[in-house]
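K.L.:
sequence unknown, structure follows:
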């Protein structure tokens, strides 16, 4: 999977959150681009990057409930009608479009009756509409609230969640999650100190073995649930 | 009522629609400002203009389901947290916020199952959230679809609809509409050719007289309807 991350942030280098994300990027398969680093956009090159990507991630802080201006600027320049509709050929069709949005408010503020009185999902409506029009697949939005209040454990979990959001097969099922971890474990084990490697291999073997058992259990569970729905 | 119209359009002079709106502005009570005409914003002056206005209108074409970049740029510069929250004094509180949005698609495209699969109302969620946070009153959005397909009569009706949107008391009740027209009729009649002035005065008198009768009828009707709801 090839993932293209387009970041809209007017002060990228000064943003602790954005620098954290940058340091958390998976080693391979991801192209990272700052939209604010460019005064004008090389439309052909931008469009080529979009064509080559399987998953396109728009990443930005929420500025008054929307993306910073550079995203709108990029859209207006790069997403020409001809490119998006492609004379009804839809060059972006079936690619995935995801959003990584950061906010300074707690998660519970974003709901009807909450302090912001609107959901993150509703605020992303313009981008979801774009995905719809371009025949793309919309990924559930990854929202990160109050990054600076996260403790070290939560930040480590965020690294994994972010990497999965960028590269794991959608939808985020148990099976896809399991496959994602299984594919990465051997390389991680290889990096362990020799004395820890045996335990690492044991964990990998157990995970793989459990995957098969889990699959059988899930099938049974789904069958039982379907009967419950009657 | 003082109305401030903030227009976001990167090619304002080339836009037939925007030039039409500009020519349709009421003669008094409205300040008009192009957000794209300014490279940077004089924050103090912009904030003063907002403080002086009773009604603030954001006017723009829909670019990929949102406002052009200049609106986000203006928001980021002018709507500082301190200004919007005012240390919990909310300087914009109770002012009205309205949107005049133009689109190239027909009205019926903007609904679930329609070509755009999303309502204009949902697309305006970020601006409505801003109004909510600033303790402002949100006006129903005025959407103008496919301006270039309107015939002369429709364009004349649009002039009136636009002027009412900018200056008529909210909500758009029969009484408020009647009052708006009644306030403007004498000046219009005065501009008529002498031979038509008598008829103009007769229309004005009839309108005023009907207003009283209508008010009585509306009260009766409301009473009947309330009983129906039981």
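P.N.:
Yep, that arrived. This one's a predicted model, so the numbers in the text were calculated from it and none came from an experiment. Numbers count the residues shown, from 1 in each chain, chains lettered A, B, ... in the order given.

K.L.:
so which residues on chain A come close to chain B?
P.N.:
Within chain A, the positions near chain B by C-beta under 8 Å from any C-beta of the partner chain are A:10, A:63-70, A:72-73, A:75-76, A:79, A:116-118, A:122-123, A:125-130, A:132-133. No exception for glycine: its C-beta is placed from N, CA and C like everyone else's.

K.L.:
in helices, which of the residues you listed fall?
P.N.:
Counting by DSSP state H, the residues of chain A next to chain B place A:69-70, A:72-73, A:75-76, A:122-123, A:125-130, A:132-133 in helices.

K.L.:
which of those count as buried?
P.N.:
A:69-70, A:72-73, A:75, A:122-123, A:125-130, A:132-133 (16 or more other C-beta atoms under 10 Å in any protein chain shown).

K.L.:
could you check how far the longest helix along chain A is from the centre of its chain?
P.N.:
Longest helix in chain A by number of residues (criterion: DSSP H): helix A:194-228. Centre-to-centre, helix A:194-228 and its host chain are 25 Å apart (C-alpha atoms, centre = their mean, to the nearest Å).

K.L.:
related to what we said a few turns ago, so which of the ones in helices among the residues of chain A next to chain B is the closest to residue B:110?
P.N.:
residue A:129 (9.3 Å; C-beta to C-beta).

K.L.:
and that closest one, how far is that from residue A:88?
P.N.:
18 Å (C-beta to C-beta, to the nearest Å).

K.L.:
how does chain A divide into domains?
P.N.:
Domains of chain A are assigned by automatic domain parsing as A:3-172, A:173-230.

K.L.:
residue B:140 is nearest to which of these?
P.N.:
domain A:3-172 (16.9 Å).

K.L.:
what sits against residue A:136?
P.N.:
A:56, A:92, A:93, A:94, A:95, A:96, A:97, A:130 (C-beta atoms under 8 Å, 6 or more residues apart in numbering or on different chains).

K.L.:
secondary structure element holding residue A:37?
P.N.:
Under the criterion DSSP states H and E, no helix or strand holds residue A:37.

K.L.:
now it, nearest residue through space, not along the chain?
P.N.:
If the residues on either side of it in the chain are set aside, residue A:37 comes closest to residue A:12, at 7.4 Å by C-beta to C-beta, 6 or more residues apart in numbering or on different chains.

K.L.:
spatially central residue in chain A, please.
P.N.:
residue A:165 (3.3 Å; C-alpha atoms, centre = their mean).

K.L.:
do I have it right that that residue meets residue A:141?
P.N.:
No - using C-beta atoms under 8 Å, residue A:165 is not in contact with residue A:141, being 9.6 Å away.

K.L.:
now do the shared contacts for these two.
P.N.:
A:98, A:100.

K.L.:
in three-state terms, label residue A:111 for me.
P.N.:
coil (DSSP: H, G, I helix; E, B strand; the rest coil).

K.L.:
check contacts around the nearest residue to it once chain neighbours are set aside.
P.N.:
Nearest residue to residue A:111 in three dimensions, chain neighbours excluded: residue A:119, at 5.7 Å (C-beta to C-beta, 6+ apart). Counting by C-beta under 8 Å, 6+ apart, residue A:119 makes contact with A:110, A:111, A:112.

K.L.:
again, but for residue A:215
P.N.:
So residue A:215 contacts residue A:175 (C-beta under 8 Å, 6+ apart).

K.L.:
go again with 10 Å.
P.N.:
Contact partners of residue A:215, counting by C-beta atoms under 10 Å, 6 or more residues apart in numbering or on different chains, are A:174, A:175, A:178.

K.L.:
before we move on, what about residue A:105?
P.N.:
If a contact means C-beta under 10 Å, 6+ apart, then residue A:105 has A:62, A:114, A:115, A:116, A:145, A:146 as its contacts.

K.L.:
ranking the residues you listed by neighbours, who comes first?
P.N.:
residue A:62 (22 neighbours; other C-beta atoms under 10 Å in any protein chain shown).

K.L.:
pLDDT at that one, what is it?
P.N.:
pLDDT for residue A:62: 97.

K.L.:
any idea how far it is from residue A:145?
P.N.:
Using C-beta to C-beta, residue A:62 is found at 10 Å from residue A:145.

K.L.:
any residues in contact with both of the two?
P.N.:
A:101, A:102, A:103, A:104, A:105, A:110, A:120.

K.L.:
buried ones from those, can you make that a PyMOL selection?
P.N.:
Those of the shared contacts of residue A:62 and residue A:145 that count as buried under 16+ other C-beta under 10 Å are selected in PyMOL with:
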select buried, chain A and resi 101+102+103+110+120
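
K.L.:
from the shared contacts of residue A:62 and residue A:145, which is closest to residue A:219?
P.N.:
residue A:120 (33.4 Å).

K.L.:
which ones are touching that closest one?
P.N.:
A:62, A:65, A:99, A:101, A:103, A:107, A:109-111, A:141-143, A:145 are the contacts of residue A:120 under C-beta under 10 Å, 6+ apart.

K.L.:
put together JSON lines for those residues, with distance to residue B:188 on each row.
P.N.:
Below are the contacts of residue A:120 laid out as JSON lines (distance: C-beta to C-beta, whole Å):
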{"residue": "A:62", "distance to residue B:188": "47"}
{"residue": "A:65", "distance to residue B:188": "41"}
{"residue": "A:99", "distance to residue B:188": "51"}
{"residue": "A:101", "distance to residue B:188": "51"}
{"residue": "A:103", "distance to residue B:188": "51"}
{"residue": "A:107", "distance to residue B:188": "55"}
{"residue": "A:109", "distance to residue B:188": "49"}
{"residue": "A:110", "distance to residue B:188": "49"}
{"residue": "A:111", "distance to residue B:188": "49"}
{"residue": "A:141", "distance to residue B:188": "52"}
{"residue": "A:142", "distance to residue B:188": "57"}
{"residue": "A:143", "distance to residue B:188": "53"}
{"residue": "A:145", "distance to residue B:188": "55"}
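
K.L.:
restricted to strands, list those.
P.N.:
A:99, A:101, A:103, A:142, A:143, A:145 (DSSP state E).

K.L.:
let's have these in JSON lines, adding pLDDT.
P.N.:
Output for these, formatted as JSON lines (pLDDT from 0 to 100):
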{"residue": "A:99", "pLDDT": "98"}
{"residue": "A:101", "pLDDT": "98"}
{"residue": "A:103", "pLDDT": "98"}
{"residue": "A:142", "pLDDT": "98"}
{"residue": "A:143", "pLDDT": "98"}
{"residue": "A:145", "pLDDT": "98"}
